[in-house]
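Student: predicted coordinates and the sequence they were generated for:
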Amino acid sequence: MILGSINPAVLMAALMVAATPILLAAIGELVVEKAGVLNLGVEGMMIMGACVGFIIAVNTGSPFIGFIGAALGGIALSLLFALLTQALMTNQVASGLALTLFGLGLTALLGQQYVGITPPRTPKLDLGPLSDIPFLGRALFTHDIVVYLTIALVGAVWWFLKYSRAGMILRAVGENHDAAHALGYHVKRVRVLAIMFGGACAGLGGAYLSLIRVPQWTEGMTVGAGWIALALVVFASWRPWRAMAGAYLFGGIVVLQLNLQAAGVRIPVEYLSMSPYLITILVLVIISSGKGRGLNAPGSLNKPFHASS
Amino acid sequence: MKKLLTAAVLSAALATPVLADTTKVGFIYIGPVGDFGWTAGHDRARQELQDHFGDAVETNIVENVDYGADAERVMTQMALSGTDVIFAASFGYGPDVNAVAGRFPNVHFQHATGYIQEHDNISLYDARFYEGRAVLGHIAGKMTETNTIGYIASYPIPAVISGINSAYLHAKAVNPDVNFRIIWTYSWFDPALEADAAETLIEQGADVIMQHTDSTAAVRVAEDAGVMAFGQASDMVEFGPTAHLSAIVDRWAPYYISRIQAVKDGTWEAQNSWMGFADGVIEMAPWNDRIPAELQQEADALIAAIAAGEYHPFTGPLNRQDGTPWLADGEVAEDGDLASMNFYVEGITQELPN
Amino acid sequence: MIRLEKRKEPSKFWRIANPFLAVVLTMLAGGVMFAMLGKDPIVAIRLIFFDPIFSETFGSYSRPQLLIKSAPLILIAVGLAIGFKANVWNIGAEGQYIIGALFGAGVALAFFPAPGAHIFPLMVLAGALGGFLWAMIPAILKTRFNTNEILVSLLLVYVAERILAAMALGLMRNPDIAGFPGSRDLRRYEAAHNAELFAGTGIHWGVVAALIAVIFAYAMMTRHMLGFHIQLAGQAPRAARFGGVAPARLVVICLGIAGALAGLAGMFEVSGPGGQVRIEFASGYGFTAIIVAFLGRLNPFGIVLAGLLLGLTYIGGELGQMMLQLPGAAIQVFQGMLLFFLLALDFQTNYRLRLTKGVRA
């Protein structure tokens, strides 16, 4: 009886949903890092999106406008980071951490009047006959639209980085900003745009939590999701599809852990609950030790750029 | 409220002497007042207290105070600033409350859910949440069609364990086939994880979800999945009008008001109060209409019997999970045993962590 | 168009003036926020910045508290700064802090209730060892498998938090009070208690350790070959390699020092102000210390000032909540503003503003 009660199709469906917010934030941060910037403020931008998205959705009655607001909220906070690190040349690690602290406080203040109410419902996507397919229907075709848009976004980022000219410039800026500058590319402009994209994605990830997944507003409700997103980027060695695989793996371990508990498997729970982190570390080790220099980190990551000429 | 705040600002700004009969009351909270859970429950009571006494009390709060040095410092500063009564609204403040109370014998300390009482200016207070859990268990046992009840639990501490046991026993009493599935989240508040946990339990056959964690996520998941759920600490019906059967609502206000009145009357004494339905400290949120009238009456009767002291939710014969006897026929559990409960009762199939 | 021009020499004037300017700007911006919340901004700022030190009611109590609050931040930040100088990014000090506390408390609980002057020193060693070992995990993974230390150290924070919860509920639980989570109160076990060394001063062994660490770090970074290697590896990794500096060794040393100091901080906290192993023992010191390290410009003495300043806003923030009903969140925003201004103004140390005509930046 024990493991029989775990349905793999349901497990798959659940992990896709669990992974969506961290994947959204991670894909944004991936682009930021590809441009050579390390923004540790993902958690702050996520909570900003969760809060602003919630407030706007409640006031307009439209979750869609809420999501747009969330992206703008994330962008607003990311611009603060851009101002500090790009214009004023502050240290990226410290600025990112300060951003998280600031975002957590600001949203707690903004959202005070919004505790204990429900946001407008995001309509379910009806995929008709697709969702009736055995196994796959339940696993893949029963989600809300954001789950699919997120996958599309991963694809778009992959295409953008690999095939588009703008993506090539972005990578060049991240790889070697001095060379990119010498070639006449606007290093700072590219980076600011990348940072804004990261902010928008993190904001959307936060709003997915406050508008669809949970849905409620409570301060601090992201509870560390932004940090997981950061880990995913490196876990993915800065490759979009791997980020998705990583998010699904992480979501999968969380969901599996819960399933094993509910099924009554006799594993010490207090240690089981740390398994997602341990397994992520393990995979990280395997990936990074696999090839000679398999890490693929952007060359100028976390280095300040100042055009001296 | 706004007016009160402005008044408080003015009094602080102009250093107006506080009226002699104004009682100054400080609250320290482990979480933010906006948590919609544990801390929000205490702050609701603070507001009722303020409304009740009007200008005759001044209340101050400090949120997000960690246990240890921070708590000790905040309480000391409260005492130094002339606070008459300090409510420390979380279990972990115990050692800190006792340290500060020793240094300020004229300040009255009220410590929620604690157990250390070394000075005669400390009162302890707690709520018999297991009484509420008994009612939830009874309703759940009757309402479930799959005979599977899902339970989202935070940390394996006595208050949570006794809640699970109480709910299980009363579900079992009305439905011998009932089966509990329990997930420990090792967190008091993680909305996304609680949503995942609720979904997992539902997928594994649960059609009633109970929770001992703070977020509203599980109620909403239950609503979407078309199953039933109980809220936690506050009435969460807003999040699942169909699913939400009821909730145990924390209501500390009657107690807070009585304690401040005692301070004003000069009758305050150190106590150890463990209060339940009888004291109005726990209440049930309004029954959902889908609960049949007959069952609503049973639940009301159960509450009345507990409140009147005619029935105790832990009455023997009861065995521990391993089959060893715990309470003999007709024997009622001692408060001390309940407050330190660290085992499941017989019938729960999962193992208790640790 | 305004653009930045790099100074040939960092400006000495701005180096000193910036923190003051930042505090003034924070007071202005924060004052506006407090006014918007309907609070008297002048009272709010007085409560946060002045009353903890100068108030007649609180001062004599709060001044020592400032040391208690700032000491762990400084102790951790000093170690982190050494690593940051060498481009070793340990952001998991919180985990090392927790494990250090658990090791230290573990020794104490193992000896309980025996008296003995050897117990506290053993706890100190164990605390340092715990933090050191926990930091060795990212260090070894980095040197052996080239695994990114930022992530491993960060992920290990979550693991450490769960170990802490398991310990508070299980192995280290106080057996005298059945069922309740949390270990024995170490403040009540004389041989293990990290008490105040001079009554009423707030000075406990952790404060002393922080002071020693600051001096030691300063001496190492300015006078010792290792300090030179660390600076070189951070500024010019290639040159460092040609100069015979083994990068792997530096990673181990930097993470090791930071881990040991964070572990010590945890141990002094759990045996003193914190009092016991409990689920919620960790309160973010490890993360706040990263900000302290940068605010102090990775300089040991700068870190002391940064730690004290941040400690002040914590204590003052509590007063602001208590005396003026400021929401806790407003205090957090206020701290965020302070950090932004401190970081933002720092550019004046290394750059100057120039008005130019339409040159692209």
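Tutor: Arrived safely.

Student: quick one, grab the pLDDT at the residue nearest to residue A:61 when sequence neighbours are not counted.
Tutor: Once flanking residues are discounted, residue A:61 sits nearest to residue A:120: 5.2 Å by CB to CB, 6 or more residues apart in numbering or on different chains. To be clear about C-beta, it is placed using only N, CA and C from the backbone, and glycine gets the same treatment. On the pLDDT scale, residue A:120 is placed at 91.

Student: how many residues are close by residue A:120?
Tutor: 17 (other CB atoms under 10 Å in any protein chain shown).

Student: on the three-state scheme, it is what?
Tutor: For residue A:120, the assignment made with DSSP: H, G, I helix; E, B strand; the rest coil gives coil.

Student: check the gap between it and chain B for me.
Tutor: 13 Å (CB to the nearest CB, to the nearest Å).

Student: quick check: mean pLDDT of the helix or strand containing residue C:342?
Tutor: Per DSSP states H and E, residue C:342 falls inside helix C:328-345. Helix C:328-345 shows a mean pLDDT of 90.

Student: which secondary element of chain B has the worst mean pLDDT?
Tutor: helix B:2-14 (a mean of 43; mean pLDDT, DSSP states H and E).

Student: tell me if the helix or strand just after that helix is near chain C.
Tutor: Note on helix B:2-14: by DSSP H and E, the next helix or strand toward the C-terminus is strand B:23-28. Yes. Counting by CB under 8 Å from any CB of the partner chain, chain C has neighbours in strand B:23-28: residue B:26.

Student: list the residues that contact the residue lying closest to residue A:142 once chain neighbours are set aside.
Tutor: Nearest residue to residue A:142 in three dimensions, chain neighbours excluded: residue A:131, at 5.2 Å (CB to CB, 6+ apart). Going by CB atoms under 8 Å, 6 or more residues apart in numbering or on different chains, residue A:131 touches A:137-138, A:141-142.

Student: state the distance from residue A:131 to chain C.
Tutor: 35 Å.

Student: the helices in the stretch 1-150 of chain C, which residues?
Tutor: Counting by DSSP state H, counting those that start in this stretch, the stretch 1-150 of chain C has helices at residues C:12-36, C:41-45, C:51-54, C:59-85, C:93-111, C:119-145, C:149-169.

Student: list the buried residues of the helix or strand residue A:281 falls within.
Tutor: Counting by DSSP H and E, the element that carries residue A:281 is helix A:275-290. Buried positions in helix A:275-290, judged by neighbour count with 16 or more other CB atoms under 10 Å in any protein chain shown: A:275-281, A:284-285, A:287-288.

Student: please apply the same query to stretch B:172-188.
Tutor: Under 16+ other CB under 10 Å, the buried positions of stretch B:172-188 are B:172, B:174-175, B:178-188.

Student: which of those residues fall in helices?
Tutor: B:172, B:174 (DSSP state H).

Student: which one of the buried residues of stretch B:172-188 sits closest to residue A:202?
Tutor: Closest approach between these and residue A:202, by CB to CB: residue B:187, at 22.0 Å.

Student: show me the contacts for the residue in the stretch 201-350 of chain C positioned nearest to chain B.
Tutor: Using CB to the nearest CB, the closest approach of the stretch 201-350 of chain C to chain B is made by residue C:273 at 3.3 Å. Residue C:273 sits next to B:68-69, B:72, C:68, C:204 when contact means CB under 8 Å, 6+ apart.

Student: take these and lay them out in CSV including secondary structure, distance to residue A:193 and pLDDT.
Tutor: What follows is the contacts of residue C:273, written out as CSV (DSSP: H, G, I helix; E, B strand; the rest coil; distance: CB to CB, whole Å; pLDDT from 0 to 100):
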residue, secondary structure, distance to residue A:193, pLDDT
B:68, coil, 45, 87
B:69, helix, 45, 88
B:72, helix, 49, 92
C:68, helix, 46, 93
C:204, coil, 50, 92
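
Student: now these in a markdown table, with neighbour count?
Tutor: Formatted as a markdown table, the contacts of residue C:273 follow (neighbours: other CB atoms under 10 Å in any protein chain shown):
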| residue | neighbour count |
| --- | --- |
| B:68 | 24 |
| B:69 | 20 |
| B:72 | 23 |
| C:68 | 24 |
| C:204 | 23 |
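
Student: picking that back up, out of the helices of the stretch 1-150 of chain C, which is closest to residue B:125?
Tutor: Here helix C:149-169 is closest among the helices of the stretch 1-150 of chain C (CB to CB), at 23.2 Å.

Student: lovely, talk soon.
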